[in-house]
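A.B. asks: need coordinates for the following:
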Amino acid sequence: MNREVTKGMWDQFRRVHGVTLRAIQRIPADKLNAVPVPPLKSVKDLVVHMYEYAPALAAGVGKGKLEQSDLPAGADKIQTVADLEKWCRAQFDKADAAVQKLSDAQLQAMVPTFWGPTMPGFILLCVVYDEHIHHRGQFYTFLRLLGVEPPFIWGFEQNEKQYQ
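C.D. replies: From the prediction side, this is the model:
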């Protein structure tokens, strides 16, 4: 995978992120810390998990290694749905900035990870996308269990302009 292919994949992730933001906005204020399916994560913790790896993996590809200390801080300060949305936007923006700087060589280079395997940089960007999509399905189930209809999964045209 090269920068050109990565750009197409990342643009699709940008659209997916826009839909996810609209889903986050639908979380009832009093259900942010709800655990719809014990013993799984709370709604907030699940959404944080969806976003915490994006900037870490993108930056790790850029520096040639991924360390646990690369995971973002600040999730413990999230108290409201608005805080969560703001935090998720910031994580996406950090990831986006890091991805825009990646070279073909960095995308092809092998990157050691703190959880074990060493993978090509472009595969780590695929992990960002796969992990987000996997957990977004779980998040949509959580929303439905809370009585909330999530946004249409491919409703990109309803996203904010920068995420269409």
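
A.B. asks: that's a strand at Gly116, yeah?
C.D. replies: No - secondary structure assignment (DSSP: H, G, I helix; E, B strand; the rest coil) places Gly116 in coil, not in a strand.

A.B. asks: quick one, phi/psi of it?
C.D. replies: Dihedral pair for Gly116: phi 140, psi -70, per degrees, to the nearest 10.

A.B. asks: check Val111 too.
C.D. replies: Backbone dihedrals for Val111, given as degrees, to the nearest 10, come out at phi -120, psi 120.

A.B. asks: can you count the residues close to it?
C.D. replies: 22 (other C-beta atoms under 10 Å). Quick note: C-beta positions are derived from backbone N, CA and C, even for glycine.

A.B. asks: show me the contacts for it.
C.D. replies: 60-61, 64-66, 118-121, 124 (C-beta atoms under 8 Å, 6 or more residues apart in numbering).

A.B. asks: change it to 6 Å
C.D. replies: Residues counted as contacts of Val111 (C-beta atoms under 6 Å, 6 or more residues apart in numbering) are 60-61, 121, 124.

A.B. asks: name the nearest residue to the residue nearest the centre of the chain, sequence neighbours excluded.
C.D. replies: Note on the chain: the residue nearest the mean C-alpha position is Tyr51, at 3.2 Å, using C-alpha atoms, centre = their mean. Of all residues not flanking Tyr51 in the chain, Gln91 sits nearest, at 4.2 Å (C-beta to C-beta, 6 or more residues apart in numbering).

A.B. asks: got a list of contacts for stretch 75-88?
C.D. replies: Applying C-beta under 6 Å, 6+ apart, the external contacts of stretch 75-88 come out as 24, 27, 29, 32, 44, 47-48, 51.

A.B. asks: ugh, wrong one, I meant stretch 14-25
C.D. replies: Contacts of stretch 14-25 (C-beta under 6 Å, 6+ apart): 85, 92, 136, 150-151, 156, 159, 163.
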